[in-house]
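>>> Sequence and predicted structure below; questions after.
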Amino acid sequence: MKNYINEADEVLMQAYSRFPIVFDYGKGVNLYDTDGKEYLDFAAGIAVFAFGYGNEEYNSALKDQIDKIIHTSNLFYNVPAIEAAKKIVKATGLSRVFFTNSGTEAIEGAIKLARKYYYEKNGTNDSQIIAMNDSFHGRSIGALSVTGQPKYQEAFKPLIGGVVFAQYNDLDSVKALVNEKTSAIILETLQGEGGIHPATDEFIKGVRKICDDNDIVLILDEIQCGMGRTGKMFAYEHYGIKPDIVTVAKALGCGVPVGAFVANEKVSAAMKPGDHGTTYGGNPFACAAVNRVFEMFEKHDILDNVCKVSAYLEEKLNELVDEYDFIVERRGKGFMQGLQFNKPVIDTIKKCHENGLIVISAGANLMRFVPPLIITKEDVDKMIEILKKSL
Ligand SMILES: *Cc1c(COP(=O)(O)O)cnc(C)c1O
C-alpha cells in the first residue's frame, strides 16, 4: 500500500487528508486492501453502498445495461430513466424528477427550481433562501452557499447572494428570518456532516407550516438520510410531512454516481425547457442502477432489516455511553448514528482501522456509523468488539 500511496501523493490534488489505506475489493460487508487485510465496513463509502460489495444481483443490472447502452444525452428519452423516475415518484410521494450526477448538483438544481418558482410568481429576482447553521449540502458554489459551516466557505467567497442562516431545531430563529422575499427554506431532515443531529418533530412540522402559510418552497436534503437509512425510505416520513423538493443521491445508485431533485407538481411547473440541463444526468447506466436498487429494497425487505438491527445497534452504542466517561451521548436514527466524545475521535478511528473496522467521523468529536443497510446483529457484535478494543 505504501507504494501506491507514494504514487498518489505525486499525482492527486491534495484536497483530502486520506487515511493510509488502499482498498482493492469488497465482499458483502467486508472490504479488503491491496495488502490483503480484511475490514468490517461501518461507513459504506459514506452512506452509499446500501447492499454491501460484490452483490451479484446489483452488479448484473449494471453489466446487462453496459452491453445495451450507457449514455444517450437528454436530447432523447431512454427507458431506464423513465422507469427510475416512476419508482422515485412513488417512493417520495412527489411528482417530477430531474436526474443529476451527484448530491451537490441535486442541491444546485433544487436552488434553481426554488428561485424559478419565485421568479414566475413575483417577476423579480431578489429572492432569499433560509438555510441552517452546521448544515452540509455539498461543495459546488451554490451548495456551499447554503452550507452553514464557515470553515468550508471562507476561501471561496463571494458565494451566491441572498442566503441567511437560522439555527437548526430552533423554530423562532427561522420565523425571525422569514419575509416576503423568502423563496425557500433548505435543511437536512437529519443533519449528517454537521454532527448527526435529528430534527425534532416540532421543528420539522413548524417549518412545514411556515412554508405553507407563506408559499415558501421547503427543500429537504435527504442525500445522506434518505433511501432507507433511517428505517423509512425517506426520513420525512417519520414526521408525517412532505417537502416541496427533496434532494437524493448517495445510496440512490449505491455506488454509481447519480442524484436527483424531485418536486411536487406546483413547484415543478416552474421548470421550463431550457431552464436547466446536464449531459450525463439520468443516463441509462446510472438509471439501471437506480432501478435495481429500488427493486432490491422491496425484494429483500431492507427497511425491515434497518428497523430491527438498528434498534440493536442503538442499544449497544448506548452501553458504550454508559461504560466510557469520555463518550457523552449517542444520537441518530436507524443506521445513521453518532457517538459524541468530549475529545477528538481521530485517534480512536485510526485504531479502529488498524484493528480492521472502517468507521468515520462527522466533525472533530463525533464518531459516525453509517453501515451498509444489510448488516446483521452479528455484524453489530463484531463491530462493538473491535470498537471496544480500539477505545
Ligand atoms: C454528501 C452530501 C451532499 C453532497 O453530495 P455529493 O454527492 O458529495 O456532492 C449534500 N448533502 C448532504 C446531506 C450530504 O450528506
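It's in. Numbering: from 1, shown residues only.
>>> what does the stretch 151-300 of the chain put close to the ligand?
By the rule C-beta under 6 Å from any ligand atom, the part of the stretch 151-300 of the chain lying against the ligand is 188, 192-193, 221, 223-224, 249-250. For the C-beta atoms, the positions are set from N, CA and C on the backbone; glycine is no exception.
>>> Turn the residues you listed into TSV, columns for distance to Ala84, neighbour count and pLDDT.
Supplementary listing: those in TSV, determined by distance: C-beta to C-beta, whole Å; neighbours: other C-beta atoms under 10 Å; pLDDT from 0 to 100:
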residue	distance to Ala84	neighbour count	pLDDT
Glu188	23	27	98
Gly192	24	26	97
Glu193	26	21	96
Asp221	20	33	98
Ile223	17	28	98
Gln224	20	29	98
Ala249	13	28	98
Lys250	16	27	98
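>>> residue contacts, Phe42?
Contacts for Phe42 (C-beta atoms under 8 Å, 6 or more residues apart in numbering) come out as 357-359, 369-371, 375, 383.
>>> Mind telling me what element Ser17 is part of?
When secondary structure is defined by DSSP states H and E, Ser17 falls outside every helix and strand.
>>> residue ranges for the helices of the stretch 51-200 of the chain, please.
Assignment of helices within the stretch 51-200 of the chain using DSSP state H, counting those that start in this stretch yields the ranges 56-68, 79-92, 103-122, 141-145, 150-153, 171-175.
>>> Find the one among those with the highest mean neighbour count.
Of all the helices of the stretch 51-200 of the chain, helix 103-122 has the most neighbours on average by mean count of other C-beta atoms under 10 Å, namely a mean of 23.
>>> Quick check: phi and psi on the most centrally placed residue in the chain?
Using C-alpha atoms, centre = their mean, the residue of the chain that lies closest to the mean C-alpha position is Gln224, 1.7 Å off. In this entry, Gln224 is assigned phi and psi values of phi -100, psi -40 (degrees, to the nearest 10).
>>> which ones are touching it?
Applying C-beta under 8 Å, 6+ apart, we find Gln224 in contact with 46-47, 188, 190, 192-193, 250, 336, 370.
>>> Output the helices of the stretch 51-200 of the chain in TSV; the columns should cover mean pLDDT and distance to Gly36.
Rendered in TSV, the data for the helices of the stretch 51-200 of the chain read as follows (pLDDT from 0 to 100; distance: least, C-beta to C-beta, whole Å):
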stretch	mean pLDDT	distance to Gly36
helix 56-68	98	22
helix 79-92	98	37
helix 103-122	98	33
helix 141-145	98	38
helix 150-153	95	36
helix 171-175	98	52
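>>> Of all the ones you listed, which one comes closest to Leu391?
helix 150-153 (27.5 Å; C-beta to C-beta).
>>> which helices and strands does that closest one pack with?
Contacting helix 150-153 under the criterion 3 or more C-beta pairs under 8 Å, 6 or more residues apart in numbering; DSSP states H and E are the following elements: helix 141-145.
>>> for the closest residue to the ligand within the stretch 51-200 of the chain, what are its contacts?
Taking C-beta to the nearest ligand atom, the ligand has its nearest neighbour within the stretch 51-200 of the chain at Gly103, 2.1 Å off. Neighbouring residues of Gly103 by C-beta under 8 Å, 6+ apart: 137-138, 143, 223, 247, 249-250, 259.
>>> among these, which two are most distant?
Using C-beta to C-beta, those span at most 14.0 Å, a distance reached by Ala143 and Lys250.
>>> Quickly find the element holding Val328.
For Val328, the element it lies in under DSSP H and E is strand 327-333.
>>> try Asp24
Under the criterion of DSSP H and E, Asp24 resides in strand 23-27.
>>> mind listing what that strand pairs with, with the direction of each?
strand 30-33 (antiparallel) (DSSP bridges).
>>> what comes up buried for the strand it pairs with?
30-31, 33 (16 or more other C-beta atoms under 10 Å).
>>> which among those gets closest to the ligand?
When these are compared for distance to the ligand (C-beta to the nearest ligand atom), Leu31 wins out at 19.7 Å.
>>> Would you mind confirming that the closest one is in contact with Ala44?
No - with the criterion set as C-beta atoms under 8 Å, Leu31 and Ala44 do not qualify as a contacting pair; they are 10.0 Å apart.
>>> Now the common contact residues for those two.
Once C-beta under 8 Å, 6+ apart is applied, it turns out that Leu31 and Ala44 contact no residue in common.
>>> if we can go back for a sec, using CSV, lay out the contacts of Phe42 together with pLDDT and secondary structure.
Output for the contacts of Phe42, formatted as CSV (pLDDT from 0 to 100; DSSP: H, G, I helix; E, B strand; the rest coil):
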residue, pLDDT, secondary structure
Leu357, 98, strand
Ile358, 98, strand
Val359, 98, coil
Phe369, 98, strand
Val370, 98, coil
Pro371, 98, coil
Ile375, 98, coil
Met383, 98, helix
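>>> which one of the residues you listed is nearest the ligand?
Distances from the ligand to those, taken as C-beta to the nearest ligand atom, are shortest for Val370 (9.6 Å).
>>> and the closest residue to the closest one other than its chain neighbours, how many neighbours does it have?
Excluding the flanking residues, the one nearest Val370 by C-beta to C-beta, 6 or more residues apart in numbering is Ala47, at 4.1 Å. Residue crowding around Ala47 was assessed by other C-beta atoms under 10 Å; the count is 25.
>>> what do you get for Leu40?
For Leu40, the tally of surrounding residues (other C-beta under 10 Å) stands at 22.
>>> Repeat that for Ala15.
If we define neighbours as other C-beta under 10 Å, then Ala15 has 7 of them.
>>> Ok, the one 4 residues further on next?
The local packing count at Phe19 equals 12, with neighbours defined by other C-beta under 10 Å.
>>> Show me what Lys333 is bridged to.
Met336.
>>> isn't it right up against His238?
Yes - using C-beta under 8 Å, Lys333 is in contact with His238, at 7.2 Å.
>>> Now the common contact residues for these two.
With C-beta under 8 Å, 6+ apart, Lys333 and His238 have common neighbours Thr230.
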